[in-house]
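Chemist: Dropping a prediction and its sequence here:
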Amino acid sequence: MSKVAIAVEKVSKVYKLYEKPSDRLKESLGLTKTKRYREHFALQDINFQINKGETIGIIGTNGSGKSTILKIITGVLNPTAGQVEVNGRISALLELGAGFNMEYTGIENIYLNGTMIGFEKEEIDEKLEAILSFADIGDFVYQPVKTYSSGMFVRLAFAVAINIEPEILIVDEALSVGDVFFQAKCYRKFEEFKKMGKTILFVSHDLGSINKYCDRAILLNKGSKIAEGETKEIIDMYKKLLVNQLDIAGEEQGELSIQEINNKQAVKESTKWKKSLSLNPDIIEYGEKQAEIVDFAIVDEYGYITNSIDKEKNFSIKMRIKFNQLIEEPIGAFTIKDIKGTEVTGTNTMFEDANIGTKEPGDEVRITFTQEMLLQGGEYMLSLGCTGYHQGEFTVFHRLYDVCNITVVSSKNTVGYFDIKSNVKLD
């Protein structure tokens with residue numbers, strides 16, 4: 001018996017892009033011999049194999065082809081070239097509820113979807129209680145789904161998909177549906193599937209979940225497979241790709257090994273650190289710039305400029321300040337806020353007893369704050385500032401609000417904003 005659950009061999013998907021609808025019509029009617037379209041490779045010569053019982057993550061930027069390859073594996077799309085072999089019954093959490101009839105009740109849609117998957121009515125009868133319990137939408141299950149809120153709709157769709165006892169589970173960002181309690185239930189089910197030895201193909205922008213659950217990972221970019229291998233190494237490569245520090249230009253022989261790519265990397269401090277970051281297009285700044293923050297960076301434990309930091313790893317926040325006037329004892333500061341705007345933590349050179357001294361016009365100073373990342377996994381915003389006393393008055397010389405995001409990658413979160421790193425002992 002084959003140990004392979006999914007085999008993807010030389011798969012490409014090409015779309016024809018037309019400048020105007022009439023060009024498509026002329027070509028379909030055979031009225032022109034001129035090529036009136038350009039080809040877009042959503043996928044190009046993709047190869048990988050997933051063995052039974054493995055949990056594999058696929059990561060990549062938007063437009064890299066992640067959802068396209070999942071749709072080809074599940075049969076929603078046909079490849080332009082290549083082939084896919086699937087050994088086992090698939091449950092795909094892609095477009096939740098795509099097969100629902102909006103006029104039918106929840107119960108009727110459960111039976112409709114079960115029949116489409118290939119179950120007999122008696123088999124669906126046996127699974128009905130588990131589906132209803134998981135969805136937990138009460139008597140609404142007897143109402144047409146067109147009357148459901150979006151939350152109830154995805155809860156029912158997820159419950160149907162997750163309770164059909166698949167051999168292969170394919171998940172595309174679906175674990176983030178519903179409220180926090182339903183998400184926790186979804187992750188418990190996900191972990192249950194792993195323990196049962198199910199094959200799982202997992203696509204997510206949540207690098208913490210990829211790191212926690214996946215045995216291996218695959219990195220896609222612009223329709224091509226860049227590399228696959230140990231999850232942590234692939235995530236590190238993805239983080240470099242996000243800030244244009246992964247050198248993949250000029251490679252036309254297919255994907256590289258992780259070692260080949262890492263050998264091409266060098267820590268580069270460009271003249272502008274911030275060019276390597278994903279910046280907020282709506283930065284709020286103020287101050288008269290007697291002292292001006294001209295550059296800044298977030299640097300991980302390997303020395304790379306990045307927006308993503310691993311929990312419990314050291315990282316640095318760097319600032320370069322140029323002085324346009326005589327300033328005595330300026331203060332450099334940073335603040336980290338959650339996405340709701342709540343200040344979570346921060347510090348400054350005064351708190352840290354790092355006296356910058358007196359600076360003349362034209363002087364510059366580089367400030368590096370280095371610390372351990374103890375925030376929980378998630379998204380945060382970074383603000384920077386330079387303040388001090390000017391002519392006896394406290395003055396904000398330059399402040400940058402929400403200049404960029406910080407993504408904390410974590411495979412273990414606790415309660416609240418910070419992990420207090422508790423040690424547990426059982427006697």
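Modeler: Here it is on my side, so go on.

Chemist: where in the stretch 251-400 of the chain is pLDDT low?
Modeler: For the stretch 251-400 of the chain, the stretches flagged by pLDDT under 70 are 251-271.

Chemist: And the helices in the stretch 1-150 of the chain?
Modeler: Taking DSSP state H, counting those that start in this stretch, the helices of the stretch 1-150 of the chain run over residues 21-28, 66-74, 106-117, 121-135, 150-162.

Chemist: among those helices, which is nearest residue 211?
Modeler: Nearest of the helices of the stretch 1-150 of the chain to residue 211, taken as Cβ to Cβ: helix 66-74 at 16.7 Å. All C-beta atoms are positioned from the backbone trio N, CA, C, and that covers glycine.

Chemist: ok, residue 362 - how many residues close by?
Modeler: Number of residues near residue 362 (other Cβ atoms under 10 Å) recorded here: 8.

Chemist: So what pairs up with the closest residue to it other than its chain neighbours in the strands?
Modeler: The shortest distance from residue 362 to any non-neighbouring residue, by Cβ to Cβ, 6 or more residues apart in numbering, is to residue 323 (7.0 Å). Beta-bridge partners of residue 323, counted by DSSP bridges, are residue 291.

Chemist: Quick check, residue 323 in contact with residue 359.
Modeler: Yes: judged on Cβ atoms under 8 Å, residue 323 makes contact with residue 359 at a distance of 4.2 Å.

Chemist: Do a quick rundown of the strands in the stretch 201-350 of the chain.
Modeler: Taking DSSP state E, counting those that start in this stretch to define them, one finds strands in the stretch 201-350 of the chain at 216-221, 224-230, 284-286, 291-299, 308-310, 314-323, 327-338, 343-348.

Chemist: would you list those in a markdown table and tack on distance to residue 45 and mean neighbour count?
Modeler: Shown next, in a markdown table, are the strands of the stretch 201-350 of the chain (distance: least, Cβ to Cβ, whole Å; neighbours: other Cβ atoms under 10 Å):
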| stretch | distance to residue 45 | mean neighbour count |
| --- | --- | --- |
| strand 216-221 | 12 | 23 |
| strand 224-230 | 8 | 20 |
| strand 284-286 | 45 | 12 |
| strand 291-299 | 35 | 22 |
| strand 308-310 | 28 | 23 |
| strand 314-323 | 37 | 20 |
| strand 327-338 | 42 | 19 |
| strand 343-348 | 45 | 15 |
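
Chemist: follow-up on the earlier one: let's have the helices of the stretch 1-150 of the chain in JSON lines, adding mean neighbour count and mean pLDDT.
Modeler: Shown next, in JSON lines, are the helices of the stretch 1-150 of the chain (neighbours: other Cβ atoms under 10 Å; pLDDT from 0 to 100):
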{"stretch": "helix 21-28", "mean neighbour count": "13", "mean pLDDT": "74"}
{"stretch": "helix 66-74", "mean neighbour count": "22", "mean pLDDT": "91"}
{"stretch": "helix 106-117", "mean neighbour count": "18", "mean pLDDT": "86"}
{"stretch": "helix 121-135", "mean neighbour count": "15", "mean pLDDT": "90"}
{"stretch": "helix 150-162", "mean neighbour count": "22", "mean pLDDT": "83"}
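
Chemist: With distance to residue 376 as extra columns, can I get these in CSV?
Modeler: Output for the helices of the stretch 1-150 of the chain, formatted as CSV (distance: least, Cβ to Cβ, whole Å):
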stretch, distance to residue 376
helix 21-28, 49
helix 66-74, 26
helix 106-117, 35
helix 121-135, 27
helix 150-162, 24
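
Chemist: quick one, which of those is nearest to residue 50?
Modeler: For the helices of the stretch 1-150 of the chain, the distance to residue 50 is smallest for helix 66-74, at 9.4 Å, taking Cβ to Cβ.

Chemist: What helices and strands are in contact with the closest one?
Modeler: With contacts defined as 3 or more Cβ pairs under 8 Å, 6 or more residues apart in numbering; DSSP states H and E, the packing partners of helix 66-74 are strand 4-18, strand 37-51, strand 55-59, strand 81-86, strand 90-93, strand 168-172, strand 199-203.

Chemist: can you tell me the average pLDDT over the third one?
Modeler: Okay, so that is strand 55-59. For strand 55-59, mean pLDDT is 95.

Chemist: who wins for proximity to residue 234 among the helices and strands packed on helix 66-74?
Modeler: strand 55-59 (6.8 Å).

Chemist: who's in contact with the residue nearest to residue 362?
Modeler: Applying Cβ atoms under 8 Å, 6 or more residues apart in numbering, we find residue 323 in contact with 290-292, 330, 359-365.

Chemist: what about residue 49, neighbour count?
Modeler: 15.

Chemist: Run through the bridge partners of the closest residue to it other than its chain neighbours.
Modeler: Sequence neighbours aside, residue 7 is the residue nearest to residue 49 in space, at 5.0 Å (criterion: Cβ to Cβ, 6+ apart). Beta bridges link residue 7 to residue 49, residue 85, judged by DSSP bridges.

Chemist: Identify the contacts common to residue 323 and residue 359.
Modeler: 291, 330, 365.

Chemist: Just give me the closest of those to residue 190.
Modeler: For the shared contacts of residue 323 and residue 359, the nearest to residue 190 is residue 365 (48.6 Å; Cβ to Cβ).

Chemist: Just confirm that closest one is within a strand.
Modeler: Yes: under DSSP: H, G, I helix; E, B strand; the rest coil, residue 365 falls within a strand.

Chemist: What distance do you get for the nearest residue in space to it that is not next to it in sequence to residue 3?
Modeler: Spatially, and ignoring its direct neighbours in sequence, residue 365 is nearest to residue 321 (5.3 Å; Cβ to Cβ, 6+ apart). Distance of residue 321 to residue 3, given as Cβ to Cβ, to the nearest Å: 59 Å.
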